[in-house]
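# Just a sequence and a predicted model for now, questions to come.
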Amino acid sequence: MRSYRYRGLEITWLGHDSFLIKGSRVIYTDPYKLRVSEPKADIITVSHDHFDHLSQRDILRVSKSDTVIVASANCRGKVGLGLETIFLKPGDTAEVKGVKVRAVPAYNINKFRAPGVVFHPREYGGVGFIVEIDGVRLFHAGDTDYIPEHKELEEANIDVAFLPVSGTYVMTAEEAAEAARAIKPKVAIPMHYGAIVGSRRDAEKFKQLLTGYCEVWIPG
C-alpha cells in the first residue's frame, strides 16, 4: 500500500474507489473490502448506494462513535448504523468538523445495462464530492461518465481529482483523461480498477494520455 503526499495531506488508495485521506481530519471515501481498520474515520463519504460503495461492514470497520457519514440522498434508509449521517443531492453543501463538502452530479451517458438504459441514470442521484480540507480541494468523481458538469469544475480550482478509468460502468481511460483536461486538477489519480472491472493497464493509459497536462499518480 503506497501513499501520496500533497500539501500536508497523506492520500492512500485502499482499492476500487476507496481512499484514506489523512490531514487535520481522517476521511475515507466509499470504503469497500478494506484491509485496514485504523485510523478511525472522522468523516466517511459514500457516493451512492451500490454494494461496492455503500458497504455497512466496511463503514463499521473504520468508524468510531462520532464518525459522520456524508452520503448521496439515494443512500437514505440504507445506512442504518446509528452514526450521524448527512444526505446530499447534487448541488448541496455541508460543513463537517471543519471540512467543506459539496455534492456534484455523477451519472452515465453511454454505459448501458440494456438498450437505452444506463447503469447510473442522472435521476438516480449518485454524486461525486468536492472535499476541502486544510486548504486543499479534492474531487472524488464517484461512478460517472465524463459529463457536461465536469466542465464547470475548472472554476472550483481542484487540487487532486480521483477519476474512474475502467470503463463498463464508468469512464474509460480516454474519457477520464478528457475529464481531467476539463477539470484541470494539479494532480489526477485513477481509481475504479482492480476489484470489479479494469486493471492497472487502464491507469497507465490514463497517465500516458495526460502527459504534459498534469501530474498523475498511479496508486497500485
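Happy to help now that I have it.
# distance of the most centrally placed residue in the chain from N74?
The C-alpha lying nearest the average C-alpha coordinate of the chain belongs to H140 (Cα atoms, centre = their mean; 3.0 Å). Plainly put, H140 is 16 Å away from N74 if you go by Cβ to Cβ, to the nearest Å. To be clear about C-beta, it is placed using only N, CA and C from the backbone, and glycine gets the same treatment.
# Next: T168.
From T168 to N74 the distance is 21 Å (Cβ to Cβ).
# who's more crowded, these two?
The neighbour comparison of T168 against N74 (other Cβ atoms under 10 Å) goes to N74, with 20 against 12.
# Regarding the more buried one, what is its secondary structure?
Judged by DSSP: H, G, I helix; E, B strand; the rest coil, the three-state class of N74 is helix.
# Who are the contact partners of it?
Each residue near N74 by Cβ atoms under 8 Å, 6 or more residues apart in numbering is listed here: H48, D49, Y124, G125, G126.
# make it 10 Å
Counting by Cβ atoms under 10 Å, 6 or more residues apart in numbering, N74 makes contact with 46-50, 54, 87, 89, 123-127.
# And for I158?
I158 makes contact with 130, 132, 136-139, 180, 183-188 under the criterion Cβ under 10 Å, 6+ apart.
# Tell me which helix or strand it sits in.
Assigned by DSSP states H and E, I158 falls within no helix or strand.
# how close does the residue nearest to the centre of the chain get to P115?
Separation of H140 from P115 (Cβ to Cβ): 30 Å.
# Same check on G15?
32 Å.
# What of D92?
For D92, the distance to P115 - Cβ to Cβ - is 33 Å.
# One more: S199?
28 Å.
# follow-up on the earlier one: what sits opposite the residue nearest to the centre of the chain in the beta ladder?
Listed by DSSP bridges, the beta-bridge partners for H140 are F129, F162.
# hang on, isn't it packed against T45?
Yes: checked against Cβ atoms under 10 Å, the pair H140 and T45 is within contact range at 6.6 Å.
# Could you pull out the residues contacting both of these two?
D17, F19, I21, I27, T29, D30, V127, G128, F129, V131.
# thinking again about what came up before, would you mind writing the PyMOL command to select the buried ones in the contacts of N74?
For the buried members of these, the matching PyMOL selection, counting by 16 or more other Cβ atoms under 10 Å, is:
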select buried, resi 46+47+48+49+50+54+87+124+125+126+127
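# which among the contacts of N74 gets closest to V99?
Set against V99, the nearest of the contacts of N74 by Cβ to Cβ is V46 (14.9 Å).
# Now do the same for the closest one: its pLDDT.
Listed pLDDT for V46 reads 98.
# how about low-confidence regions in this protein?
Within the chain, the segments meeting pLDDT under 70 span 1, 220.
# Excluding chain neighbours, give the residue nearest to V131 in space.
Closest residue in space to V131, ignoring its immediate chain neighbours: L138 at 4.7 Å, by Cβ to Cβ, 6 or more residues apart in numbering.
# State the helix or strand in which that neighbour lies.
Going by DSSP H and E, L138 is in strand 136-140.
# on that earlier part again, which one of S199 and P115 has more residues nearby?
Each of S199 and P115 has its neighbours counted (other Cβ under 10 Å); S199 has more, 11 against 5.
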